[in-house]
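Participant: quick one, fold the following:
(2 chains)
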2 protein chains.
Amino acid sequence: MTVEATVDEGRRLAILDAAAQLIAERGYHAVRIADIARTARTSTGSVHYYFPGKNDVLTRALRHAVSRAFDRQGAELRKIDSAYERMLRLIDMQLPRIGQVRDEWSIWMQYWAEAIIRPQLRPAHNEFYARWREAVVRIVQLGQRQGEFRKDADAEMGALQLTALTDGGGIRVVVGAPGMTVSAMREVLVAYVKDNVLSS
Amino acid sequence: MTVEATVDEGRRLAILDAAAQLIAERGYHAVRIADIARTARTSTGSVHYYFPGKNDVLTRALRHAVSRAFDRQGAELRKIDSAYERMLRLIDMQLPRIGQVRDEWSIWMQYWAEAIIRPQLRPAHNEFYARWREAVVRIVQLGQRQGEFRKDADAEMGALQLTALTDGGGIRVVVGAPGMTVSAMREVLVAYVKDNVLSS
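Facilitator: Below you'll find the predicted structure:
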């Protein structure tokens, strides 16, 4: 990579980090290109150069936040041999604790609200859903080979239920639903895995 | 009720219906008070009279849409004696089919996105979550008394999982996640009830 390319890449990432953070904190509709420029310590021209329209900002901020999360999770999970321990770790890493993970949840949830109205936003989002579900399917299948998980569990259905349950739980934590704390969400997900996937 | 009160109530409901429909179709941030007035065939002054701020419009549109859904569901469910049949009917009525129910989903999902950013929106929302969860707890307990449902099922945990799964499934249908149709969502929820609640 040339020096210019490295500087460009650094600036692009700073803009993406700034966009993701501002969207998470203030909401997509409240974020102006000028705010992103200020937070990334660059010019509005530079933000426009990387993201020609405001839609691009949301889609790319989601891609950025999700890729970052997938990379982080993948690196952690590969270190763990037991499928059950791997599942518990994945659940743990997805809990919307205050900080980076909650910011990522905020971006997801705002993306849903936009994607209902603007179907052109859906493919990017659904590509991530498919990857997430696939990752869970693979953990279930690994556990079945290891004998930790029930051989008769339907891996596809289990992955669909577990990812949907994660979204439903995450929403409840983030909007402060009564009794739904981060640790209550963990309990709900672990109970699901014990009752539906784990060998008895 | 006086004639004036009836006219007022009619106008208030027309404004609420208009607000709910426009928010569902265009997204909360795209809806202007003038659009609501036009759709409800009234003046912007009249909309402002009932809803002093734009936040009020979103909160009241949610209340309106959710109350309408609860009334509709309650009336249907009371006709059904078997708890299992009642659960299936509730699942069915919550599927985001195109039309009124999908519009209600759109409003919920936009409300989440706003409630992350503005905590003052959360109590109204969470009051509905608590009522929904309670309704499911009561169906599970009814089924346990009737012997249709497992006596050892934890009604609170079951209700939490089932409502969270409903949200997670609904999101996937509404954003067009691959393979997640209305009937696939029904399958996911019914499979959960059969595996976790229904007596074997």
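Participant: what pLDDT does the model give the residue most central in space within chain A?
Facilitator: For chain A, A:V66 is the residue whose C-alpha lies nearest the centre (CA atoms, centre = their mean; 4.5 Å). We have a pLDDT of 89 for A:V66.
Participant: my read: it touches A:E127, true?
Facilitator: No: using CB atoms under 8 Å, A:V66 is not in contact with A:E127; the gap is 9.3 Å. C-beta here means a position set from N, CA and C on the backbone, and glycine is covered the same way.
Participant: quick revisit: wait, what's in contact with the residue nearest to the centre of chain A?
Facilitator: Residues in contact with A:V66 (CB atoms under 8 Å, 6 or more residues apart in numbering or on different chains) are A:104, A:108, A:128.
Participant: run through the helices of chain A in chain order.
Facilitator: Along chain A, counting by DSSP state H, helices occupy A:3-26, A:33-39, A:44-50, A:54-78, A:83-94, A:100-117, A:122-146, A:155-174, A:182-196.
Participant: may I see the contacts of A:V66 arranged in TSV, with neighbour count, distance to chain B and pLDDT as well?
Facilitator: Putting the contacts of A:V66 into TSV (neighbours: other CB atoms under 10 Å in any protein chain shown; distance: CB to the nearest CB, whole Å; pLDDT from 0 to 100) gives the following:
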residue	neighbour count	distance to chain B	pLDDT
A:E104	22	12	94
A:W108	23	9	92
A:F128	19	10	92
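Participant: which non-adjacent residue is nearest A:E104?
Facilitator: Nearest non-adjacent residue to A:E104, counting by CB to CB, 6 or more residues apart in numbering or on different chains: A:A65, 4.8 Å away.
Participant: how close does that neighbour get to chain B?
Facilitator: Separation of A:A65 from chain B (CB to the nearest CB, to the nearest Å) stands at 14 Å.
Participant: so for B:T44, which of the helices of chain A sits nearest?
Facilitator: Shortest distance between B:T44 and the helices of chain A, using CB to CB, is found for helix A:100-117: 23.0 Å.
Participant: which residues touch the closest one?
Facilitator: By CB under 8 Å, 6+ apart, the residues outside helix A:100-117 that reach it are A:20-21, A:23-25, A:27-28, A:58, A:61-62, A:65-66, A:68-69, A:93-96, A:121-122, A:125, A:170-171, A:174, B:25-28, B:30, B:105-106, B:109-110, B:112-113, B:116-117, B:171, B:174-175.
Participant: poorly predicted segments of chain A, please.
Facilitator: Per-residue confidence for chain A (pLDDT under 70) gives these ranges: A:1-4, A:7.
Participant: now with 90, please.
Facilitator: Where chain A drops to pLDDT under 90, the residues are A:1-10, A:49-63, A:66, A:124-125, A:178-179, A:200.
Participant: need the contact list for the nearest residue to A:R12 once chain neighbours are set aside.
Facilitator: Nearest non-adjacent residue to A:R12, counting by CB to CB, 6+ apart: A:Y50, 5.4 Å away. Counting by CB under 8 Å, 6+ apart, A:Y50 touches A:11-12, A:15.
Participant: which one (most neighbours) among these?
Facilitator: Among the contacts of A:Y50, the one with the most neighbours (other CB atoms under 10 Å in any protein chain shown) is A:I15, at 26 neighbours.
Participant: so the closest residue to it other than its chain neighbours versus B:A20, what's the distance?
Facilitator: Excluding the flanking residues, the one nearest A:I15 by CB to CB, 6+ apart is A:A40, at 4.6 Å. Separation of A:A40 from B:A20 (CB to CB, to the nearest Å) stands at 38 Å.
Participant: and the nearest residue to A:R118 once chain neighbours are set aside, how far from A:D35?
Facilitator: Of all residues not flanking A:R118 in the chain, A:N55 sits nearest, at 7.5 Å (CB to CB, 6+ apart). A:N55 is 16 Å from A:D35, where distance means CB to CB.
Participant: which among the helices of chain A is found nearest to B:V136?
Facilitator: B:V136 lies closest to helix A:155-174 among these, at 12.6 Å (CB to CB).
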